[in-house]
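Asks: Structural data only, the sequence is not supplied:
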C-alpha cells in the first residue's frame, strides 16, 4: 500500500464513494470527509479513515488535509434549485473551492483533481469541447457556480503551485448509491413510469465507475491545468431512455412520454416554480432549465480524455441498462443493510 494519503472530499456521495472503493482496490491509503460521522453505512467494510469536515469550514478542513499528498475534490452543492440559489448554491460552491485550495496550500498538498461539470462547457458549437471555452449562459446559479469554480480552481492551483487537474462529468448513473443523485433519481423515475412528458431535454449517461476511474487516471496521468470531459460522445433522448427501459422490462408496460410544445412546458414550469416557493421542494421542471437545454443535443468531444487518460466509458445505452438493473433489483436491498 502507498504511504501517500489520498483524500476524497464528500465520501458519502455517489461519485465520492465509488472513488474511495476504486482507490482502495488500487492499494491507496484513503481518508475521506463527511459532514455527518454517524452516517457509516456507505463505509461498511471499507478500510478508510473518516474525518468530519465541511468545505465551507476551514478549521475542519485543516484537520482533514493534515499529511495529505493528493486531494480528490468531489464535495460540492449539486442542487439545481434552492430557495436562495445565489447563497445556497453559488456562494457556497465558490467559497468551498477557495477554502479547499487555501487549506491545501497551508498543508502542503501536491496534487488536486477537481470535479467540475459539463455544465461549464460552451454548447454553442457541438460537439462541446473544452477548447471552445466556458458556458456563456448565465441564467442558472448552479451552472454559474460550476463555470466560475472551474476557473477559480485553475487560477488558485497556478497561484499556489499545486498541480491541478479538472474533470467534467456528464449524467453519472449506476451502482453503488446510498442517496440517489439527480441523475440516478431520473433513471428511477423512468423505471417507475413517472416521465409522462418528453421535455426535449437530452441526457448523456455515463457510468459512475468510469468517471471514478477517469479521476484516478487524471491524478496519475493528467496534465496540470487541463480540463478533461468524462462523458460519452453522443446523447440519448428521453424517449430513447424510456424505450430502453421498456425493452428491458416489458412487464412494467412503460408508456412512451408524449412530446409537448415549449410554450406549454414553460407554463407548467412556471406553476411548478410558484408551488415550490410555498412547499420548499424542488420543482420537477424549471423555466431556465428549458431555456438552456430544450432541444440541445448533449454531444461531447472526448478525444483528449481518451488519448491522455485512457478514458473508455461503457456506451450510454449500457450505462443506462446497468443503472436500471441496479435500481430495480439491488438498490433498496442494498440500502436496507
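Replies: Alright, I've got the coordinates. Worth saying up front: this structure is predicted, and the values here are computed from it rather than measured.
Asks: gap between residue 35 and residue 104?
Replies: Separation of residue 35 from residue 104 (Cβ to Cβ, to the nearest Å): 19 Å. (Glycine included, C-beta is placed from N, CA and C.)
Asks: Neighbour count for those two, which is higher?
Replies: Neighbours per residue (other Cβ atoms under 10 Å) separate residue 35 from residue 104, with residue 104 holding more: 24 against 15.
Asks: check contacts around the more buried one.
Replies: Applying Cβ atoms under 8 Å, 6 or more residues apart in numbering to residue 104 gives the contacts 65, 71, 112, 160, 162.
Asks: Doesn't it belong to a helix?
Replies: Yes. Checked against DSSP: H, G, I helix; E, B strand; the rest coil, residue 104 lies within a helix.
Asks: okay, it: pLDDT?
Replies: Per-residue pLDDT puts residue 104 at 97.
Asks: Also the one 3 residues further on?
Replies: In this model, residue 107 is scored at 96, pLDDT.
Asks: which ones are touching it?
Replies: Residue 107 makes contacts with 62, 65, 66, 67, 68, as judged by Cβ under 8 Å, 6+ apart.
Asks: State the number of residues packed around residue 42.
Replies: By other Cβ under 10 Å, neighbour count at residue 42 equals 22.
Asks: do the same with residue 192
Replies: 13.
Asks: can you tell me how far the spatially closest residue to residue 133 that is not a sequence neighbour sits from residue 225?
Replies: Nearest residue to residue 133, sequence neighbours excluded (Cβ to Cβ, 6 or more residues apart in numbering): residue 122, at 5.0 Å. Distance, residue 122 to residue 225, by Cβ to Cβ: 18 Å.
Asks: which of those two has more neighbours?
Replies: residue 122 (17 against 14).
Asks: pLDDT weak spots in the stretch 101-250 of the chain?
Replies: 141 (pLDDT under 70).
Asks: how about the strands in it?
Replies: 111-115, 163-169, 171-173, 197-198, 205-207, 227-230 (DSSP state E, counting those that start in this stretch).
Asks: Which among these is found nearest to residue 309?
Replies: Nearest of these to residue 309, taken as Cβ to Cβ: strand 227-230 at 5.9 Å.
Asks: so how far is the closest one from its chain's centroid?
Replies: Here strand 227-230 is found 12 Å from its chain centre; the criterion is Cα atoms, centre = their mean, to the nearest Å.
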